[in-house]
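Student: generate coordinates for the sequence data below:
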Amino acid sequence: MLSHELQHVAKCVRGLCYYLPKKNDSYDFDLVIVRHDRDRERDNKKQARAMACASVSREETPVIGVCTNLALLPKPFLVGILLHEMTHLAFNLMGSQKAEVDVDVTILELVPEANYQYEDVTYRDRVSGKSRKARNLQRVDGEFADFCLGWWAEKCHDGKVVAK
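Tutor: Model (predicted):
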């Protein structure tokens with residue numbers, strides 16, 4: 001994954017890190033690591049919708065592993081997927097493994113202004129250059145995506161989000 005693509009994903013996570021704690025303290029992470037993940041690349045080759053995965057390290061640090069194609073999605077899908085993964089992180093750090101539907105319900109209740117939903121998207125694979133269709137990807141409203149990727153997300157560099 002190219003550095004500027006990973007930085008674009010990290011910028012989105014940074015925006016969410018500043019917005020979501022205002023909605024619920026469970027999202028107040030000290031640090032989130034955004035990392036290019038070879039397993040996500042492998043999974044994305046098999047299934048077009050496999051883009052990201054949340055986990056918590058042994059040191060209790062939230063990590064979002066991503067594939068290259070995530071950065072190439074339209075902004076509403078990028079933000080929707082990362083919002084979903086950050087909700088998984090919040091549950092994981094509370095010691096709770098929630099089903100996908102519970103994560104979705106939490107987002108719908110906590111962030112109604114995002115207009116969170118699922119939709120199909122077609123994107124051009126970065127490696128092969130071929131067009132791929134991913135079915136049922138998480139997405140948010142375009143205005144909410146722009147808000148999360150706004151100037152303040154770019155300006156804030158307090159070390160809360162680290163791209164590796």
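
Student: quick check: phi and psi at Glu59.
Tutor: phi -90, psi 10 (degrees, to the nearest 10).

Student: and it, how many residues sit next to it?
Tutor: 7 (other Cβ atoms under 10 Å). Quick note: C-beta positions are derived from backbone N, CA and C, even for glycine.

Student: what's the answer for the one 4 residues further on, then?
Tutor: Other residues near Val63 number 20, with proximity taken as other Cβ under 10 Å.

Student: A strand includes it, no?
Tutor: Yes. Assessed with DSSP: H, G, I helix; E, B strand; the rest coil, Val63 lies in a strand.

Student: how near is it to Arg35?
Tutor: Going from Val63 to Arg35 by Cβ to Cβ, to the nearest Å gives 6 Å.

Student: quick check: which ranges of this structure have low pLDDT?
Tutor: Applying pLDDT under 70 to the chain picks out residues 1-2, 151-160, 164.

Student: in it, which spans are helices?
Tutor: For the chain, the helices defined by DSSP state H cover 3-19, 38-46, 75-93, 100-110, 142-148, 151-155.

Student: single out the most deeply packed of these.
Tutor: For the helices of the chain, the largest average neighbour count (mean count of other Cβ atoms under 10 Å) is found in helix 75-93, namely a mean of 23.

Student: give me the distance between it and the centre of its chain.
Tutor: 4 Å (Cα atoms, centre = their mean, to the nearest Å).

Student: now do stretch 98-109
Tutor: That offset, for stretch 98-109, works out to 15 Å (Cα atoms, centre = their mean).
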